[in-house]
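Colleague: Need coordinates for the following:
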Amino acid sequence: MVIREMRDNEKDLLQDFLYEAIFIPEGMEPPPKDIIERPELKLYYEDFGSGEADHCFVAEDDGKVVGAVWTRIMEDYGHVDSQTPSFAISLIKEYRGKGIGTELMKKMLEHLKNQGFKKASLAVQKSNYAVRMYEKVGFRKVDENNEEYIMVCYLGKE
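Modeller: The predicted structure is shown next:
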């Protein structure tokens, strides 16, 4: 398993991984693939690479990209302010639960810290098993609504 920066010619992968990132509770049908065309989801990938906080690392297994973590400053569900990048992370189902997501998160958090960012944020559905992994890498719940936690990771001294 190799973790590396996403190449420019791989940006279309973000659409596939965004769809994979949609949390589907047990027993629910997955949404149609074109859900990622909704404005509130397009902002995760449209014109990616144009912002100072647009960063992406991928996990590659035997030449195949199996996971991605990416950030950008955007008015998404996890938005806390205009200086804080929001996270998105996704792994192909067969690669989940093997520690790859944790390694991707750690790599991105270190990268953002080195870039001078003070914190990072994300939103996660309360029933998503990934909540524990986010806490393990340093995210803390700062707010919540009926369905989601808003979590922040401070990248230096608070």
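Colleague: quick one: contacts of stretch 22-31?
Modeller: Residues outside stretch 22-31 that contact it (Cβ atoms under 8 Å, 6 or more residues apart in numbering): 35, 124-125, 127-128, 130. In this view, the C-beta of every residue, glycine as well, is placed from N, C-alpha and C.
Colleague: Any of those buried? List them.
Modeller: 124-125, 130 (16 or more other Cβ atoms under 10 Å).
Colleague: Could you pick out the longest helix of the protein?
Modeller: When the chain is scanned for its longest helix (criterion: DSSP state H), the result is helix 100-114.
Colleague: Please pick out the residue of the protein most distant from its centre.
Modeller: Farthest-out residue of the chain from its mean C-alpha position, per Cα atoms, centre = their mean: Gly27, at 23.8 Å.
Colleague: rewinding a little: I'd like the next helix or strand past the longest helix of the chain.
Modeller: strand 119-125 (DSSP states H and E).
Colleague: about what we covered before: can you redo the buried ones among the contacts of stretch 22-31 as JSON lines with pLDDT?
Modeller: Below are these laid out as JSON lines (pLDDT from 0 to 100):
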{"residue": "Val124", "pLDDT": "94"}
{"residue": "Gln125", "pLDDT": "91"}
{"residue": "Ala130", "pLDDT": "90"}
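Colleague: pLDDT value on the residue farthest from the centre of the chain, please?
Modeller: Model confidence at Gly27, given as pLDDT, is 82.
Colleague: what about it, which SS state?
Modeller: With DSSP: H, G, I helix; E, B strand; the rest coil as the basis, Gly27 sits in coil.
Colleague: i'd like the first residue to be 235 from this point on
Modeller: Okay, residue one is now 235; in that scheme the one you just asked about reads as Gly261.
Colleague: Understood, closing this out.
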